[in-house]
Each structure stands twice: as C-alpha cells, then as structure tokens.
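> Coordinates only, no sequence provided:
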C-alpha cells in the first residue's frame, strides 16, 4: 500500500548523529530481549503540548549509546546516495482487515487473484469469469460491532462437483474494484472457513480458480453498527471452531474500575478451550463481547487478564498483518504477537500499534563491519534501499502494523525529513508516539519514535534503528536539535 504522502513509495534512509554532549551522558544499553517491560512514564496519558518537556534549556546532541563505539563515528546518510529501485510488493497475507487497504494491488481482472497462479502474459486472453451459484459464502453475523473478527464459511462447488482441496480467495469490494483479503482451503466436502477483521461496512465474495476458469460466488455484505453482541451470541457463533465455553466470571465494581470499565454495568469473561477468551462489557441495554486468542491471550492472562495491567479489550485481535502479526487494543495498552514473540506497550491507537511492532525489533543487529562492509538489513531489503536505515525502520514498523499512511516511506533520510517538515504537524514539545528528528545539518541526522516522556527528568525514551548497527530502546535528554512531529 502506498503512503499518503507521495504517489510513489520512496523509502528513506536514516542517519546517525556523531556529536557528543560537552559533558557526555552515559546512556543505558538497549534492552536485548523482546517483549520489553513498560516504563512507568508511559502509564499516564501522553502530555499535552503545554505541559511536556521544554527543549530550550538542554544541549543539542545525542550521546553515543555504545560504551566503546570506536574511533569512527557511525555512517551518515548523504544527499548524493544512489537511489535504489522501487521496492517489490510483498506477498498477500491472510485474515487482513477489511477496513484497511490490502497488500495486493487493485485487481482489474481475475488473472491477478492472489493464490491463483502466475499472472498471464501480455496478449493472453484472461480466464473467463463465471458466476457460480453453488460457490457460497456467509458471515457469522449480518451486523457486527466495528473491530470484530468475523467468521466466514461457505461451500466450494462447481455445479454438482465438490471442489475438495481448492483454494478459495475471499475478496472485498473497494472503490468499485475487488481486492483479495484472505484465503481458505476447501475440505473433502467442499466446506471452508476463513476469518477477517471488520471495522467498516464490507461487501465480500468468494473466488475459485478451476480448470482455466474463475468461479465467482457468494457475494455477501457485512454491516457494522452499535448492535448488542452478548457473550452467549459470540460463544454460539464460535463454538464449532473453539469449543464450548467454560465457567463465566463477573468482575466486581472495584475490578471494573481498574479494568477501565467503571462506567459499565457488568464485565464478564469465560474461556473457550485453552487459548481463547471472550470478554463481555455490558451496559444496561447494550453489550460488546471481544475475543482474545493465541499468543496475545497468553500474554494477557500473564498480566492479569481483564483485572490486570491492560484492562478490558476494546476490539478483537486484528490479524493477517505482515509476518503473521496480530494486534489488539485494550483499555490500558496494546498487545502484539507474531510467530515466536509478543510485545506490549501502554500506548493505544495507531501509535500503540506501531510502537508495539517496533519493540519486537529491539536488539536486532545489522551484520557486517561497523567501519567496513555491511549486509543489508531486512528493513533495507523491504524498502529497496542500500542507504542508512533509521527512518526506513520506522516506516517498516508502520507497514507491519497496517498503518502505511501514517509514517512517510522514503529510501533516504533527507526525503523523510523533508516530508515531515512540509506535511506533518510539528510539536513544540514531545509526546509519546511522536516522530523525532535529531537534526545534524543539511546532510546528517537521525530518526526515532518516542515511546514515553518523563516530564520531571526532561528525558524521553525512544526506539530507533541504525544506531551503531542496532535497533535500540534508549532514554535520552530532550535536546535543542530535536524536532517532534505528530502524524496521527
């Protein structure tokens, strides 16, 4: 998906400041593990512009985070760097949000259906499209709450022929075109099941490529609204997938207050099997029930579940993100999982999503020599750039969080900095989630994102890449060479 800031993705380069404070402040080392502990500074809401840390009284430099950085300063991005080719579009992913633009490009014809084989060559006749009444698709509910993970089921048949083993591609209509959002494989009887996250009204359909033809069927509209969604309803819809629910527990009034649901009449939860939990947040005449599952559910339970650090969920997990990622927002923070790891932040909304993704990369180290040849990082490969990668790292995190339109994607730091200065609102003082530039002059600089702000100490904790070839989480003084931008 192309970012909103430019008609063409031009992923940028990061640059590293080599200037050291007159009185060098020793910085703590970046935490090497994933799932970084949350600083107490970010337990409170982000400060307003008026009460955040002033910048005028502090020195304008960022000290080296490495106790022995060596005699050579980190490489800087320069204006004469050779542009790299456009980055390739990454593969489509499953269970993608219907409310966001999917990874595949708009599909003018069935020959571009994800999972349907290679695109036909120039001049080749497209495969004929055939409406197939026996190819069905239905949603678990006609109307759901925004933020629900909807179960889609159907039967893959071509007339009387059962299409066992066929790949069924689910598409969503957007701007008068159909875009692929997820896939499923039909079983022996032709039945298939898929899931997708919905936050706006969506029209979906099923596609099967079979014997040189494209079968189309099951067009269905999923509405969203403030409908009552009780725990009993959702448990019944999900029973065939996750099993029957266990014992229901209801929170006390004090526990509801701690969970961020003090204005509700009831909060209850129950488990479906070993790795799924339903949490109902009910008023006098309304009810919302959210699903917590998988690695996020394990992390959630480890922190106390609904009565713990993160409180009640505010949506279902938004899965199908790149790298197999899932994100879920709670009353007091955001949890992220991808195969083999999880992370947590007390931030919510888009900034919480992005910070949670970036936290999983703390400790990532670029291979090669600090003063010699360096092996391109996965962030540079994603961007199609061989230049310094601090700003590329931030854009990569936004992409992995499903927010391509928030952080400008450029191949070079100078272009990233120019876009922030021209298109993004600048803050007088830092906020958690803000993008920060440490300006080093016309051709030098460094990019980071603010995780938390300690107003009393006049310090910020940042997450940043390409600092002595690593992704680090560092606490630094606010300095006069720092510029803060709010892209949300």
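Happy to help now that I have it. As the structure is a prediction and not an experimental result, all values here were calculated from the model. Numbers count the residues shown, from 1 in each chain.

> Quick check: closest non-adjacent residue to the most far-flung residue of the chain relative to its centre.
Residue farthest from the centre of the chain, counting by C-alpha atoms, centre = their mean, is residue 160 at 41.9 Å. Spatially, and ignoring its direct neighbours in sequence, residue 160 is nearest to residue 134 (7.8 Å; C-beta to C-beta, 6 or more residues apart in numbering). Bear in mind the C-beta positions are built from the backbone N, C-alpha and C, glycine included.

> Contacts only, for that neighbour.
By C-beta atoms under 8 Å, 6 or more residues apart in numbering, residue 134 lies in contact with 155, 157, 158, 159, 160, 217.

> try 10 Å
Residues counted as contacts of residue 134 (C-beta atoms under 10 Å, 6 or more residues apart in numbering) are 155-163, 190, 215, 217-218.

> what do you get for residue 339?
295, 323, 324, 325 are the contacts of residue 339 under C-beta under 10 Å, 6+ apart.

> and the first one, how far is that from residue 326?
So the one you mean is residue 295. 8 Å (C-beta to C-beta, to the nearest Å).

> Give me the common contacts of these two.
Contacts common to residue 295 and residue 326, judged by C-beta under 10 Å, 6+ apart, are 317, 335, 336, 337, 338, 342.

> TSV for those, including secondary structure and distance to residue 373?
Compiled in TSV, the shared contacts of residue 295 and residue 326 are given as follows (DSSP: H, G, I helix; E, B strand; the rest coil; distance: C-beta to C-beta, whole Å):
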residue	secondary structure	distance to residue 373
317	coil	41
335	strand	38
336	strand	33
337	strand	35
338	strand	30
342	strand	34
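
> how about the nearest residue to the residue nearest the centre of the chain, chain neighbours excluded?
Using C-alpha atoms, centre = their mean, the residue of the chain that lies closest to the mean C-alpha position is residue 401, 1.3 Å off. The spatially closest residue to residue 401, leaving aside those adjacent along the chain, is residue 353, at 4.0 Å (C-beta to C-beta, 6+ apart).

> Helix, strand or coil: sort out that neighbour for me.
helix (DSSP: H, G, I helix; E, B strand; the rest coil).

> same check, this time on the one 3 residues further on
The three-state label for residue 356, taken from three-state DSSP, comes out as helix.

> mind listing what the lengthiest strand in the chain pairs with, with the direction of each?
The single longest strand within the chain, with elements called by DSSP state E, is strand 213-224. Applying DSSP bridges, strand 213-224 is found paired with strand 129-131 (parallel), strand 143-144 (parallel), strand 202-210 (antiparallel).

> Work out the gap between the second one and the centre of the chain.
What it means is strand 143-144. Averaging C-alpha positions (C-alpha atoms, centre = their mean, to the nearest Å) puts strand 143-144 24 Å from its chain's average.

> what does that strand contact?
Contacts for strand 143-144 (C-beta under 10 Å, 6+ apart): 150, 198-199, 201-202, 221-227, 229, 234, 237, 316.

> For PyMOL, write a command that selects the buried ones of these.
Selecting only the buried entries of these in PyMOL, with 16 or more other C-beta atoms under 10 Å as the criterion:
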select buried, resi 150+198+199+202+222+224+227+229+234+237+316
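
> nearest to residue 411, of the contacts of strand 143-144?
Nearest to residue 411, judged by C-beta to C-beta, of these is residue 199 at 31.1 Å.

> Surely that closest one touches residue 314?
No. The pair residue 199 and residue 314 fails to qualify as a contact (C-beta atoms under 10 Å) at a distance of 11.7 Å.

> what touches both of these two?
residue 147.

> Now do the longest strand of the chain: distance to the chain's middle.
So, by C-alpha atoms, centre = their mean, the centroid of strand 213-224 is 27 Å from its chain's centroid.

> Same question for the very next helix or strand once past it: list its buried residues.
Beyond strand 213-224 in the direction of the C-terminus, DSSP states H and E gives the next helix or strand as helix 231-242. Applying a neighbour-count criterion of 16+ other C-beta under 10 Å, one finds 231, 233, 234, 235, 237, 238, 242 buried in helix 231-242.

> what's residue 420 sitting at in phi/psi?
With angles defined as degrees, to the nearest 10, residue 420 shows backbone torsions of phi -60, psi -40.

> where in this structure is pLDDT low?
1-126, 443 (pLDDT under 70).

> The residue nearest to the centre of the chain reaches residue 347, doesn't it?
No. Under the criterion of C-beta under 10 Å, residue 401 makes no contact with residue 347, lying 11.6 Å away.

> Now do the shared contacts for those two.
Applying C-beta under 10 Å, 6+ apart, one finds that residue 401 and residue 347 are jointly contacted by 334, 353, 354, 355, 356.

> Tell me which two of the residues you listed sit farthest apart.
So for the shared contacts of residue 401 and residue 347, where distance means C-beta to C-beta, the most widely separated pair is 334 and 354, at 9.3 Å.

> So which of the two has more stuff around it?
residue 354 (32 against 28; other C-beta atoms under 10 Å).

> Run through the residues that contact the more buried one.
Per C-beta under 10 Å, 6+ apart, neighbours of residue 354: 327, 334, 336, 345, 347, 394-395, 397-403, 406-407, 433, 435, 449, 463, 487-488.

> returning to what we had before: quick one, phi/psi of the residue farthest from the centre of the chain?
According to degrees, to the nearest 10, residue 160 has phi -90, psi 0.

> ok, now residue 299?
Given degrees, to the nearest 10, the pair of backbone angles that residue 299 has is phi -70, psi -40.

> And for the nearest residue to it once chain neighbours are set aside, the neighbour number?
Among residues not flanking residue 299 along the chain, residue 342 sits closest, at 4.7 Å (C-beta to C-beta, 6+ apart). The tally of other residues near residue 342 (other C-beta under 10 Å) stands at 21.

> Now do the contacts for residue 342.
Contacts of residue 342 (C-beta under 10 Å, 6+ apart): 34-35, 294-296, 298-300, 302, 326, 335-336, 356, 359-360.

> ok, now residue 433?
Here residue 433 is in contact with 42, 46, 345, 347-352, 354-355, 406, 449-453, 486-488 (C-beta under 10 Å, 6+ apart).

> now the residues you listed: which count as buried?
42, 46, 345, 347-348, 350-352, 354-355, 406, 449-453, 486-487.

> Out of these, which sit inside helices?
350, 351, 352, 354, 355 (DSSP state H).

> what's the closest of these to residue 389?
For those, the nearest to residue 389 is residue 354 (16.4 Å; C-beta to C-beta).

> Distance of the closest one relative to residue 276?
For residue 354 relative to residue 276 (C-beta to C-beta), the value is 26 Å.

> Going along the chain, name the helices of this structure.
231-242, 253-258, 294-302, 349-359, 378-383, 390-400, 413-423.
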